[in-house]
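Engineer: give me coordinates for this.
(chains A, B and C)
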Amino acid sequence: MSIEIDVNNVANLAKLSLTDEEKAVMKSELGAIIGFADKLAEIDTSGVDITAHIVPITNVLRADEVTNQPDRDGLLANAPTKADGYMTVPRTFE
Amino acid sequence: MNITELSLAELSEKLHGKELSSVEATKAYFEKINAVDGEIGAYIRLTESVALQQAENADKILAEGKGTALTGVPYGIKDNICTKGSITSCASKMLENFNPPYDAFVTTKMNAENAVMLGKMNMDEFAMGSTTENSAFKVTKNPYDITRVPGGSSGGSAAAVAAKEAVFTLGSDTGGSIRQPAAFCGVVGLKPTYGTVSRNGLVAFASSLDQIGPVARNVEDAAVVLNSIAGHDSLDSTSVNRIYGDFTAEMKNGVKGMKAALPKEYFGEGINPEVRAAVINAANEFEKMGVEIQEVSIPAMEYALPAYYVISSCEASSNLARFDGVRYGYRAENYADMDELYKKTRSEGFGKEVKRRIMLGSFALSAGYYDAYYKKALQVRTLIINGFNSIFENNDFIISPVAPTVAYKIGEKTASPVEMYLGDIYTVPVNIAGLPAISMPCGADKDGMPIGMQLIGKAFSESTLIRAGWAFENR
Amino acid sequence: MNMINNYEMVIGLEVHCELGTKTKIFCGCPTTFGAQPNTQCCPVCMGMPGTLPVLNEQVVEYAIKAGMATNCTIARCSKQDRKNYFYPDLPKAYQISQYDLPLCENGWLEIESENGTKKIGITRIHIEEDAGKLIHNDRYGTMVDCNRCGVPLIEIVSEPDIRSAEEAVAYFKKLRSIILYTGISDCKMQEGSMRCDINLSVRKKGTKEFGTRTEMKNLNSFTFIQKAIEYEYARQVYEIENGGVIVQETMRFDQASGKTFSMRKKEDANDYRYFPDPDLAPIVMSEDKLNKLKDSIPTLPDERKKAYIENYGITSYDAELITSEMSVADYFESAAKNTKYPKLLANIVISEIIKLADGENGAIAIEPLHLAQIADMQGSGEINSSVAKKVIKALWDNDEDACEYVKKNNLGQINDENVLNSLINEAIERNPKSVQDYKKGKVAAAKAIMGQVMGATKGRGNPLLIERLLNEALEALK
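Structural biologist: I've put the predicted structure just below:
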């Protein structure tokens, strides 16, 4: 399976911006890695269930009780920009 | 007495016996770090004032005759494990100034036992890599040969233990990141069964594969540290709630009558002949001790590596999406709008390997490709788990190499990502199946570079591995 | 609204409902509305590095109750998935939701439409986490508040069975009423705890294929839902009739103008790259657990409605009004047990009690037994309807035994013909002009005299009796 990877589309999904040169390198590197991953197609997995969780635990639940105290200063300490108790970013259009 | 030569068990005995104080031990370690780390670069950041405060507290407790095996013991912790009040950078520009307002579960455990944190260990950025060359800040050198890599991603953790810059360290292992550097640096590294050590506070790389584990000078030390960090955590939904017991309880019981397997697929092409010879030799040593060795086959093993790169990259692409410059971490300086803020921040904040894996993961999850890659990899995972399970029906543990080579030169493998990935071939299946494994020295090559072997057990059989490892160490 | 050129509208609603749990879905932060920004967050709901989600048990139970109350099949095995996209109100850059194994599926509810009772299908109900709030500001740009991040939501997706704005509103109202009965949410639309996205397309009546649909998001009032649908329907029809093409996109409904506008975002349709969240364990439901949950759901509006109609002879319309709020329905049932005149009681509840309760946030200040007494007294003629109203108002301020109150205040209806006739004669003597007008044929003139007679009785006169006696007296004068 030889796939044309749409590097522009993937970069946009991943919110990365690449120079033209980076795009070319990325395309070839990803192509090589995907080619390597294509090996998966060789093995027969018909009728095989997926294992999404290795540990066969279910129903990991917690009680509906408040356990957290407000700590706005602590939580916002690492914010790049903030004002009036909010984090701030450029104007986003709804 | 050369303090930094003492193992964990030895040092703890002396601390409790009041022959030595924690402050003395801590100062000795900082002296050692000063002397050698300029060259080795195992530490990304030292935490001297915190350490000395902790050492003083530890001494108070020891003076009262209280404390545990780790009280007052100086250690290092990989820089992707959150330490409240101390920067946790994951060796990335993205988190260069990130100071978490919370401790990881394991950090809390270390603090509860009054262990002494010397500093944060260098690593491949966001744990992606096998050489620690992907750190955004510095390169760590292998203490056996400073022109070679220490392995990765827990390269700093392994190098520090090898160079005696810490009694033990904590690392993380997603595809071999504790075991391979331990092998490259001639020390012991243990990856616990998935779900044994809480991932709360470990900056996630691949959620279904990551585990924190000890890097130590010998098997007993690793077991003692594991005792402290293993345990159920209600804040981690993948943490397994069971009784973990004392991992050193059966340690000296010997291995006579046990059965060990050598998987055919692990000794095929591509393995360095000296490495192969050392591991086969180790198997022979086990045989001499009364272990029945047999060859087995895990056919799905061939697909473990591609499955690993798909699963880990997909999960990583999602886990690293939160690094967007909004609430914490790096933010680009110039941006016209939100889209630019995201793109510039992430492009400037992440290194090459991280970007590569994010792209790979985003691609494999994207519309039209999910079935062929992620879903397929999860099916292959089932086959690998089944393959291991059938081996463990008749065997107590598996013996295998850790890596196909010894530590190679710095800069040697950076050109080809695929070639670099192939080095993970023996460690990765263990993460995919969630099994425990210990990596320990079993020889050296003609240049004196350490060769490690891997003992793999079925789920929650760390005690068996520790028993086998100790027996080998003390044969 | 009338159909334009035989185009029918095809509507599906996606309703997001905030669950009234004490804490968020994945962390122990409180969910109370209106707190200062970023004071109800923690590293988990802010998506800080290394943090992990743990599912709130109550969220699962509430979601299942919603499914049971809408006739859904409850999944015995369910899981949570990551929906990946970037937005400043989404801390992890993914929302934990449910993709292919939701908790509830294949339900329905009934609405009353112009054409009678109609079933609207419910495709699925799943749990997910809410995003934060963004406040747009000239000075700072966009300000991010994470208080709402992680507040638990259920998303209720209807089948595209809705064919008019009225049906859409009826569905939304009914859904809200049912959810209020289950007690899982306060459904306060002004606070955003219940919001509605509308998917609308049009097609010529009789065609089977669906047209391209647009989506209008976050409508939070019945009026806006109606207006938005009417506008968008017309817009789509005119677009098609004029040779245009409907683009699948999100539309913004402008409240001031009543129009919809394309949002034309920079991004194309998002590829959410759903995959099972590896941090969360699957949810498995036992029969035992499900039975317990089912038992905890009170009798729902439609069932009660049926009972009222059958047992008390109340009209469907009135029953619908009484059952729209569970507190009113419960109250009515308590009172109805104790009166011989349940139909009259229903009228009283609808015309007086509901209004008064509205002003008190739903609290009904008169004991059901007392209201039953009032119904009995009015029904038997012991008091007239305007006295009944007075008594209700008085008891609302100061509740007591209604019979006692009537006795104490001498409010019994005057049915004595002699007494009434003497008052009528007095009034006739006092109003010669009105009498003249009446003789001339102005029947309405009698009303003025009637008013005076009623006044003379201090409102206690039996109005029908007075009317008859007065007419007799006036006729006798002709």
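
Engineer: for the stretch 301-450 of chain C, give the residue positioned nearest to chain B.
Structural biologist: Ranked by CB to the nearest CB, the top residue of the stretch 301-450 of chain C for proximity to chain B is residue C:326, at 35.1 Å. Placement of C-beta: from N, CA and C, glycine included.

Engineer: element containing the residue nearest to that residue when sequence neighbours are not counted?
Structural biologist: Leaving aside its sequence neighbours, residue C:326 sits nearest to residue C:181 (CB to CB, 6 or more residues apart in numbering or on different chains; 4.8 Å). Using DSSP states H and E, residue C:181 maps to helix C:165-182.

Engineer: what's the distance between that helix and the middle of its chain?
Structural biologist: Distance of helix C:165-182 from the chain centroid (CA atoms, centre = their mean, to the nearest Å) equals 6 Å.

Engineer: and the next helix or strand after it, what does it pack onto?
Structural biologist: Sequence order places strand C:194-204 as the next helix or strand after helix C:165-182, per DSSP H and E. Counting contacts by 3 or more CB pairs under 8 Å, 6 or more residues apart in numbering or on different chains; DSSP states H and E, strand C:194-204 is packed against strand C:7-18, helix C:165-182, strand C:214-219, helix C:222-241.

Engineer: up against chain B, what does chain C have?
Structural biologist: Within reach of chain B by CB under 8 Å from any CB of the partner chain, chain C has these residues: C:43, C:46-55, C:82, C:84, C:86, C:88, C:91-94, C:142, C:144, C:146, C:266, C:271, C:273-275, C:278-281.

Engineer: and if we set it to 7 Å?
Structural biologist: Within chain C, the positions near chain B by CB under 7 Å from any CB of the partner chain are C:43, C:46-50, C:52-54, C:82, C:84, C:86, C:88, C:91-94, C:144, C:266, C:271, C:273, C:275, C:278-281.

Engineer: okay, which residue is most central for the chain?
Structural biologist: Using chain A. Residue closest to the average C-alpha location in chain A (CA atoms, centre = their mean): residue A:14, at 7.3 Å.

Engineer: look at chain C instead
Structural biologist: Geometric centre of chain C, nearest residue: residue C:173, 4.3 Å, by CA atoms, centre = their mean.

Engineer: list the contacts of that one.
Structural biologist: Residues near residue C:173 by CB atoms under 7 Å, 6 or more residues apart in numbering or on different chains: residue C:222.

Engineer: please repeat the previous calculation with a cut-off of 8 Å.
Structural biologist: C:222, C:324 (CB atoms under 8 Å, 6 or more residues apart in numbering or on different chains).

Engineer: how about residue B:466?
Structural biologist: Residues near residue B:466 by CB under 8 Å, 6+ apart: B:219-220, B:222-223, B:247-248, B:250-251, B:438.

Engineer: save those residues as a markdown table, and put in pLDDT too.
Structural biologist: Putting the contacts of residue B:466 into a markdown table (pLDDT from 0 to 100) gives the following:
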| residue | pLDDT |
| --- | --- |
| B:219 | 98 |
| B:220 | 98 |
| B:222 | 98 |
| B:223 | 98 |
| B:247 | 97 |
| B:248 | 97 |
| B:250 | 96 |
| B:251 | 97 |
| B:438 | 98 |
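
Engineer: for PyMOL, what selects the buried ones among those residues?
Structural biologist: To isolate the buried members of those in PyMOL, using 16 or more other CB atoms under 10 Å in any protein chain shown:
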select buried, chain B and resi 219+220+222+223+247+248+251+438
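
Engineer: so which bits of whichever strand or helix holds residue C:391 are buried?
Structural biologist: When elements are defined using DSSP H and E, residue C:391 is found to belong to helix C:385-397. Buried residues in helix C:385-397, counted by 16+ other CB under 10 Å: C:387-392, C:394-396.

Engineer: what does stretch C:287-304 give?
Structural biologist: Within stretch C:287-304, the residues scored as buried using 16+ other CB under 10 Å are C:293, C:297, C:300-302, C:304.

Engineer: okay, strands next: where are they in chain B?
Structural biologist: For chain B, the strands defined by DSSP state E occupy B:43-46, B:74-78, B:116-121, B:168-173, B:188-191, B:211-216, B:259-263, B:292-296, B:397-401, B:437-444, B:450-456.

Engineer: next one: phi and psi at the residue in chain C that chain A sits nearest to?
Structural biologist: In chain C, the residue that lies nearest chain A is residue C:28 (3.2 Å; CB to the nearest CB). Backbone dihedrals for residue C:28, given as degrees, to the nearest 10, come out at phi -90, psi 30.

Engineer: from residue B:232, how far out is it?
Structural biologist: Shown here: residue C:28 relative to residue B:232, a distance of 18 Å by CB to CB, to the nearest Å.

Engineer: these two: who's more crowded?
Structural biologist: Remark: of residue C:28 and residue B:232, residue C:28 carries more neighbours, 21 against 15, as counted by other CB atoms under 10 Å in any protein chain shown.

Engineer: what secondary structure does the closest residue to that one other than its chain neighbours sit in?
Structural biologist: In space, and not counting its chain neighbours, residue C:28 is closest to residue A:67: 3.2 Å by CB to CB, 6+ apart. Taken by DSSP: H, G, I helix; E, B strand; the rest coil, the conformation at residue A:67 corresponds to coil.

Engineer: give me the pLDDT value at residue A:67.
Structural biologist: Reading off the confidence values, residue A:67 has pLDDT 96.

Engineer: residues making contact with the helix holding residue C:391?
Structural biologist: C:348, C:352-353, C:356, C:365-366, C:370-371, C:374, C:377-378, C:383, C:402, C:405-406, C:411, C:413, C:459-460, C:463.

Engineer: try it again at 7 Å.
Structural biologist: With CB under 7 Å, 6+ apart as the test, helix C:385-397 has contacts from C:352, C:356, C:365-366, C:370, C:374, C:378, C:402, C:405-406, C:411, C:413, C:459-460.

Engineer: which among those end up buried?
Structural biologist: Judged by 16+ other CB under 10 Å, buried ones among the contacts of helix C:385-397: C:352, C:366, C:370, C:374, C:378, C:402, C:405-406, C:411, C:413, C:459-460.
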